[in-house]
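Engineer: Here is my input, please return the structure:
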Amino acid sequence: MISIAGKKISIIGAVRSGLGAARLVKSLGGVPFVSDSAPKEKIQKNLELLDGENISYEFAGHSERVYDCEFMITSPGVPSDSQVLVNARAKGIKIISEVEFASNFCKGKIISITGTNGKTTTTSLCAHVLNECGLKTYLAGNIGIAFSDVVLNVKEDECVALETSSFQLDHVDTFKPSVATILNITPDHLDRYGHELQNYINSKLNVFKNQDENDFLILNADDERTPGEISNPNVKRLYFSLHKTVSDGACLEDGKMVYRRNGNVEFSCGINEFSLVGEHNYANAMAVIIIAKIFNLDNDKIKSALGNFPGVEHRLEFVRELDGVKYINDSKATNVDSVWYALRSFEEPIFLILGGKDKGNDYNQIRDLVIKKVKKIYAIGSSADKVFNFFHSLVKVEIKKSLEECVNTASSEARENDVVLLSPACASFDMFNDYEHRGRVFKEAVNKL
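Structural biologist: Have a look, this model is predicted:
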């Protein structure tokens, strides 16, 4: 455990992870300084929180003061090539992520869950199952709760289920989870990684780079981008699969999620006993089943927890049904692969709201599904023209100025047994604070109908 008492620590970004890191630095006797490039009016509430904690900060740019530090903690929203980080590296200043920083002070076991899709659902399900089985588990990370805000609460016999994005794994040095899980890897955030898929993959692989023979690595046997060979071969590898028989891990067999250890069946649960539907959710659940069995939790309690899991807000979230039309909030679908899963989840005709801040999307992946399932697309945000140009020759496409306008128009055009689906395939930052803000605006518009 490192000591930071009396040391100056600079924190880049005054949002959730930055605020959490600043609070943790201060509680450990360090001297935090938070620096954000955003104008004051955009982060006013966060600055007021810092004022209340008596933590120094600056906004609307980064002054020379930010480089007067022992090391620098960067928020996941700050690109690695941003000038402040480039300058810090040139000055020889060590840069770490908030997750890396907080992990130094975690007494319990870290369960790190990453992947392009399914992270939030799987991490939430993991915490739910482990807690229901009597193993105290905190929920944190990219899910919206800074690791720094919970880490000092975690006792030696407890766990933290940590959703880790590629951005959080970009700046890890000693981060060493007891259990690491890579759910899947598909193209995403290519705008952040120089449009090189391998750069994005390399960030994901950082999740297990420090693991050893005492740790577990859970991998998707169906994912072509999951590495066959890894740099630390002594780590205990377990697999899950929708299509193959697995001797150490979990697989789908005859409508059941089956867990085997050394070839012997130790647990099974029918997919009809799980609260969520869809193959992608069965894959997520099997990853969690493996985690539960690593800790040798009770089978009946695992099955019960799988059956009463309530799901995750903004991820294929049912909002309401009006005049026979279902409204679904899938605002967390920030890439094309997520939309592919969403479209496969419905048999009914779909009115699809698509668009936002494009991250290098290739819509060919959902082309055939859109032709088969979508009645009409409402294109929004800065990528509206790209969406229109790709799809207008395949289905009806109409560009809209706001989410509220999409909802109001869809309500007049959709008929009984149709689905109105917000599944944008894009980031939200062109119009909203984050995907949660976008989801709330959608739900408010739907509930006003």
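Engineer: any idea how far H243 lies from A221?
Structural biologist: Going from H243 to A221 by C-beta to C-beta, to the nearest Å gives 8 Å. Every residue, glycine included, has its C-beta placed from N, CA and C.
Engineer: Which one's more surrounded, those two?
Structural biologist: Legend: neighbour count by other C-beta atoms under 10 Å for H243 and A221, higher for A221 (17 against 9).
Engineer: Break down the stretch 251-400 of the chain into its strands, ranges please.
Structural biologist: Taking DSSP state E, counting those that start in this stretch, the strands of the stretch 251-400 of the chain run over residues 256-261, 264-270, 317-322, 325-329, 350-354, 374-379, 396-399.
Engineer: and among these, the most buried is which?
Structural biologist: Ranked by mean neighbour count, the strands of the stretch 251-400 of the chain are led by strand 350-354 with a mean of 29 (mean count of other C-beta atoms under 10 Å).
Engineer: What pairs with that strand, parallel or antiparallel?
Structural biologist: strand 374-379 (parallel), strand 419-422 (parallel) (DSSP bridges).
Engineer: Give me the contact list for the first one.
Structural biologist: Surrounding strand 374-379, the residues in contact under the criterion C-beta atoms under 8 Å, 6 or more residues apart in numbering are 343, 349-355, 370, 385, 387-388, 391, 395-400, 406, 409-410, 413-414, 418.
Engineer: give the contact list for S382.
Structural biologist: Neighbouring residues of S382 by C-beta under 8 Å, 6+ apart: 355-358, 430.
Engineer: out of those residues, which one sits closest to I110?
Structural biologist: K357 (30.9 Å; C-beta to C-beta).
Engineer: residues in contact with that closest one?
Structural biologist: 381-383, 426-430.
Engineer: swap in R23?
Structural biologist: By C-beta under 8 Å, 6+ apart, the contact list for R23 reads 32, 53, 55, 148-149.
Engineer: any idea how far Y363 is from it?
Structural biologist: 41 Å.
Engineer: and the helix or strand hosting I201, which residues are buried?
Structural biologist: I201 is part of helix 197-205 when elements are defined by DSSP states H and E. Across helix 197-205, burial judged by 16 or more other C-beta atoms under 10 Å covers 197, 199-201, 203-205.
Engineer: could I get these as TSV with pLDDT and distance to V277?
Structural biologist: Shown next, in TSV, are the buried residues of helix 197-205 (pLDDT from 0 to 100; distance: C-beta to C-beta, whole Å):
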residue	pLDDT	distance to V277
L197	82	30
N199	84	34
Y200	85	29
I201	87	29
S203	88	31
K204	90	27
L205	91	31
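Engineer: Show me the helices in the stretch 151-300 of the chain, by range?
Structural biologist: Using DSSP state H, counting those that start in this stretch, the helices found in the stretch 151-300 of the chain span residues 166-169, 197-205, 279-294, 299-307.
Engineer: And the longest one, what's buried?
Structural biologist: Of the residues in helix 279-294, those with enough neighbours to count as buried (16+ other C-beta under 10 Å) are 280-294.
Engineer: Just the angle for that helix relative to helix 299-307, thanks.
Structural biologist: Counting by axes from the mean of the first three to the mean of the last three C-alpha atoms, to 10 degrees, helix 279-294 lies at 150 degrees to helix 299-307.
Engineer: ok so, going back, out of the contacts of S382, which one sits closest to S97?
Structural biologist: Closest to S97 out of those is K357 (22.1 Å), distances taken as C-beta to C-beta.
Engineer: so V277 touches E347, yeah?
Structural biologist: No: V277 is beyond contact range of E347, at 11.3 Å (criterion: C-beta atoms under 8 Å).
Engineer: which of these two has more neighbours?
Structural biologist: Neighbour count, other C-beta under 10 Å: between V277 and E347, V277 has more, with 12 against 9.
Engineer: roughly how far apart are that one and S345?
Structural biologist: For V277 relative to S345 (C-beta to C-beta), the value is 7 Å.
Engineer: Ok, K45 next?
Structural biologist: For K45, the distance to S345 (C-beta to C-beta) stands at 35 Å.
Engineer: show me where pLDDT drops low in the protein?
Structural biologist: Across the chain, residues meeting the criterion (pLDDT under 70) sit at 1, 188-190, 193, 228-229.
Engineer: Give me the spatial nearest neighbour of F390, chain neighbours excluded.
Structural biologist: Y363 (4.8 Å; C-beta to C-beta, 6 or more residues apart in numbering).
Engineer: if we can go back for a sec, of all the strands of the stretch 251-400 of the chain, which one is nearest D300?
Structural biologist: Set against D300 and scored by C-beta to C-beta, the strands of the stretch 251-400 of the chain come closest in strand 264-270, at 10.0 Å.
Engineer: could you dump that closest one to CSV, C-alpha only?
Structural biologist: Output of strand 264-270 as CSV, limited to C-alpha atoms (Å, rounded to 0.1, in the frame of the first residue of the first chain):
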residue,chain,number,x,y,z
ASN,A,264,-17.8,-32.5,-13.7
VAL,A,265,-21.1,-30.7,-13.6
GLU,A,266,-21.4,-28.7,-10.4
PHE,A,267,-24.3,-26.4,-11.3
SER,A,268,-27.1,-25.9,-13.8
CYS,A,269,-29.9,-23.4,-14.3
GLY,A,270,-32.5,-23.3,-17.0
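Engineer: what sits up against that strand?
Structural biologist: Strand 264-270 has contacts (C-beta under 8 Å, 6+ apart) with 255-260, 285, 289, 293, 299, 302-303, 306.
Engineer: now the residues you listed in a markdown table, with distance to A14?
Structural biologist: Shown next, in a markdown table, are the contacts of strand 264-270 (distance: C-beta to C-beta, whole Å):
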| residue | distance to A14 |
| --- | --- |
| G255 | 49 |
| K256 | 48 |
| M257 | 42 |
| V258 | 47 |
| Y259 | 43 |
| R260 | 47 |
| A285 | 36 |
| I289 | 39 |
| K293 | 41 |
| N299 | 46 |
| I302 | 40 |
| K303 | 43 |
| L306 | 39 |
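Engineer: Going by distance to V15, which of those wins?
Structural biologist: Closest to V15, out of all of the contacts of strand 264-270 and judged by C-beta to C-beta, is A285, at 30.9 Å.
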